[in-house]
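Peer 1: need a structure here:
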Amino acid sequence: LRGMKPFLWLIGLTVVLHLVLAQSAAEGLDAGLTYGARLFLIIWFSTLFTLTTSPLDLIRGFRKTFGPLARVGLPVDELALMLLIFIRMLPIIDEEGRRISEAQKVRLLGDEPDTWSFRIKKVKAILIPLFYNTLRRVEGLAVAVSMRGLGSREKSRVLKEMRFRFADYLGLGLAAIIAYLSARL
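Peer 2: Below you'll find the model as predicted:
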């Protein structure tokens, strides 16, 4: 539940907006709590899903789900590779952003006023080097991928065939029950 902390403002804003925009306070409170609870459950279950599923299994599931669209020309394998690279790059980009942020804090030792223009300057001082370093990494990765022959038109092979098991059906049933109950709220 610690992972929910950054989203509490969004859930609170949902409840408050429903209270303010509703015709009556009771109706607004009911709708606000309903949608706030739904939002909480969506975020919590997606967090739980990503914590319990390996990135490789996510990609395998993506390929299995969207595989039939390859027949109509959708490059499913390339999209799966892009998704995998994106998932693998997130911690690296996060670490790089923290490192750049720490370096910028050290450079800005003076007492600057806490104004919007100064905040924008601080964000620019972090984002510009972060984008530059990220693009440099991505360019190197693109060269490595093309050198390995990925992107060529040969058919790729799936290393591990995925099948639905009892736990998958159980999880799908549980999700359907929760969706049904939340829709009735």
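Peer 1: give me the helix or strand of this protein that scores worst on average pLDDT.
Peer 2: One helix or strand of the chain scores below all others by mean pLDDT, DSSP states H and E: helix 116-147, with a mean of 85.
Peer 1: on contacts alone, who are the packing partners of it?
Peer 2: Using 3 or more C-beta pairs under 8 Å, 6 or more residues apart in numbering; DSSP states H and E, the elements in contact with helix 116-147 are helix 76-107. In short, each C-beta sits where N, CA and C put it, glycine included.
Peer 1: tell me what angle the helix it packs on forms with helix 116-147.
Peer 2: An angle of 140 degrees separates the directions of helix 76-107 and helix 116-147 when computed by axes from the mean of the first three to the mean of the last three C-alpha atoms, to 10 degrees.
Peer 1: helix 76-107 - contacts with which helices or strands?
Peer 2: Using 3+ C-beta pairs under 8 Å, 6+ apart, the elements in contact with helix 76-107 are helix 55-66, helix 116-147.
Peer 1: shaky segments in the protein?
Peer 2: Residues of the chain meeting the criterion pLDDT under 70: 1, 109-112, 150-159.
Peer 1: do that again at 80, thanks
Peer 2: Low-confidence regions of the chain, defined here as pLDDT under 80, cover residues 1-4, 107-116, 118-119, 145-162, 185.
Peer 1: any chance of JSON lines for the helices and strands packed on helix 76-107, columns distance to residue 14?
Peer 2: As requested, the helices and strands packed on helix 76-107 are arranged in JSON lines below (distance: least, C-beta to C-beta, whole Å):
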{"stretch": "helix 55-66", "distance to residue 14": "28"}
{"stretch": "helix 116-147", "distance to residue 14": "26"}
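Peer 1: export the ones you listed as CSV, with columns for mean neighbour count and distance to residue 79.
Peer 2: Listed next are those as CSV, based on neighbours: other C-beta atoms under 10 Å; distance: least, C-beta to C-beta, whole Å:
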stretch, mean neighbour count, distance to residue 79
helix 55-66, 15, 7
helix 116-147, 12, 14
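Peer 1: and the least confident helix or strand of the chain, how far from the chain's centre?
Peer 2: Taking C-alpha atoms, centre = their mean, to the nearest Å, one finds helix 116-147 lying 19 Å from the centre of the chain it belongs to.
Peer 1: helix or strand next in line after it, which one?
Peer 2: Along the chain past helix 116-147, the next helix or strand (assigned with DSSP states H and E) turns out to be helix 166-184.
Peer 1: let's see that next one as CSV, backbone CA atoms only.
Peer 2: Coordinates of the C-alpha atoms in helix 166-184 are reproduced here as CSV (Å, rounded to 0.1, in the frame of the first residue of the first chain):
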residue,chain,number,x,y,z
PHE,A,166,-5.9,-23.0,-13.5
ALA,A,167,-4.4,-20.0,-11.7
ASP,A,168,-4.9,-17.8,-14.8
TYR,A,169,-8.6,-18.8,-15.0
LEU,A,170,-8.9,-18.2,-11.2
GLY,A,171,-7.4,-14.8,-11.5
LEU,A,172,-9.5,-13.9,-14.5
GLY,A,173,-12.7,-15.0,-12.6
LEU,A,174,-11.7,-13.0,-9.6
ALA,A,175,-11.1,-9.9,-11.7
ALA,A,176,-14.5,-10.4,-13.4
ILE,A,177,-16.2,-10.7,-10.0
ILE,A,178,-14.5,-7.5,-8.7
ALA,A,179,-15.4,-5.6,-11.9
TYR,A,180,-19.0,-6.8,-11.6
LEU,A,181,-19.2,-5.8,-7.9
SER,A,182,-17.5,-2.4,-8.5
ALA,A,183,-19.9,-1.7,-11.4
ARG,A,184,-22.9,-2.4,-9.0
